[in-house]
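Colleague: Give the three-dimensional model of this entry:
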Amino acid sequence: MFEHDLTDPHDVGLNAERLAAIPQYFQQNYIDRGKLPCVATLVSRGSEVALEDYSGTTHIGEGEPIGPHTIFRIYSMTKPVTSLAAMMLFEEGKLRLDHEVSRFIPEFADVQVFDGGNREDYTTRAPDRPMTILDLFTHTSGITYGFLMQDEPDAIYRKHKIGAPTETLLEMSQRIAKLPLSFSPGTQWGYGHSIDVLGAIVEIVAGQPLDEFFRERIFGPLGMDDTDFWVPENKIDRLMACYNKHPLTGEISMSDAAGKESKLYSKRPKL
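Modeller: Below is the predicted model:
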């Protein structure tokens, strides 16, 4: 985040007392109770910033106070950045939302839909229609995640280790195309690796790795100098700690990924 000059909330039609209650609420209900180590809050109207507050520290109950200098992991917020990159290519006439995914990744021409069974023995059927670029944007592609634990298709993803840290976006997308979709494109909504496949298409159309496209076309022009897939050694002391919550016990522990690795796993950006 950046540190901004604050405007009087009343000048932009906001209530100063109600704004002040926002960081107080998170301090009392989340930070003081050990649910979160910190909260950064910014409220603006138009281009005027009426509230900017940094509460808490880089670790739960300890560490350094956070501030505009703190670097946070954005995880799936990489998805809208990837979508922005694709829309830039759309504006340049290099792809269309109704283009079939197989136009760029031929393996998707033969993709099938899960039609019964289990991860070891299942049947498939042809999709009702081809998967499009728009399906990737809107998570209506039928592509799933292996960690959802909700149906057999994501169990199949786990079996095949989709999301392995040793493969590129394109390599992963090509493997996804050989596995069954959870549903026929356009018939349902389902969270999954859709934006990873969209990222692979951005690389193909732009002719450069996704991280380079981000830096040259988005982060650089916007002055987002601290946003990248990796945190360089000279900025590692500004990186916020990362925590996991156990799905059964609710116990909070520091993530193993609390080192300098931010979001890039070996060859493949995680979106």
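
Colleague: Give me the residues contacting the longest strand along the chain.
Modeller: Ranked by residue count under DSSP state E, the longest strand found in the chain is strand 48-59. Residues from elsewhere that reach strand 48-59 (C-beta atoms under 8 Å, 6 or more residues apart in numbering): 1, 3-9, 11-12, 14, 16, 19-20, 22-23, 26-27, 31, 36-44, 63-68, 70, 240-241, 254. (Glycine included, C-beta is placed from N, CA and C.)

Colleague: For that strand, buried residues please.
Modeller: By 16 or more other C-beta atoms under 10 Å, the buried positions in strand 48-59 come out as 48, 49, 50, 51, 52, 53, 54, 55, 56, 57, 58.

Colleague: how close does the second one sit to residue 42?
Modeller: What that stands for is residue 49. 6 Å (C-beta to C-beta, to the nearest Å).

Colleague: so the residue most central in space within the chain, which of the three states?
Modeller: Nearest to the geometric centre of the chain sits residue 76, at 1.5 Å (C-alpha atoms, centre = their mean). Counting by DSSP: H, G, I helix; E, B strand; the rest coil, the backbone at residue 76 sits in helix.

Colleague: Residue 198 versus that one, what's the distance?
Modeller: 13 Å.

Colleague: again, but for residue 249
Modeller: From residue 249 to residue 198 the distance is 36 Å (C-beta to C-beta).

Colleague: now swap in residue 103 and tell me
Modeller: The gap separating residue 103 from residue 198 is 13 Å, by C-beta to C-beta.

Colleague: What of residue 174?
Modeller: Applying C-beta to C-beta, the value for residue 174 to residue 198 is 14 Å.

Colleague: More neighbours: these two, which one.
Modeller: When residue 174 and residue 198 are compared for neighbours, residue 198 comes out ahead with 27 against 17, by other C-beta atoms under 10 Å.

Colleague: is it true that that one lies in a strand?
Modeller: No. Going by three-state DSSP, the assignment for residue 198 is helix, not a strand.

Colleague: Please report how far it lies from residue 192.
Modeller: For residue 198 relative to residue 192 (C-beta to C-beta), the value is 11 Å.

Colleague: show me where the chain has helices.
Modeller: Here the chain has its helices, by DSSP state H, at 16-26, 78-91, 133-138, 152-159, 169-176, 194-206, 210-213, 220-222.

Colleague: Can you give me the buried ones in the fifth one?
Modeller: Residues of helix 169-176 classed as buried by neighbour count (16+ other C-beta under 10 Å): 169, 170, 172, 173, 174, 175, 176.

Colleague: do the same with the first one
Modeller: Taking 16+ other C-beta under 10 Å as the basis for neighbour counts, the residues of helix 16-26 that come out buried are 23, 26.

Colleague: contacting residues for residue 176?
Modeller: Contacts of residue 176 (C-beta under 8 Å, 6+ apart): 143, 157, 162, 193, 197.

Colleague: What about the residues you listed, which one has the most neighbours?
Modeller: Neighbour max across the contacts of residue 176 (other C-beta under 10 Å) = residue 143, 31 neighbours.
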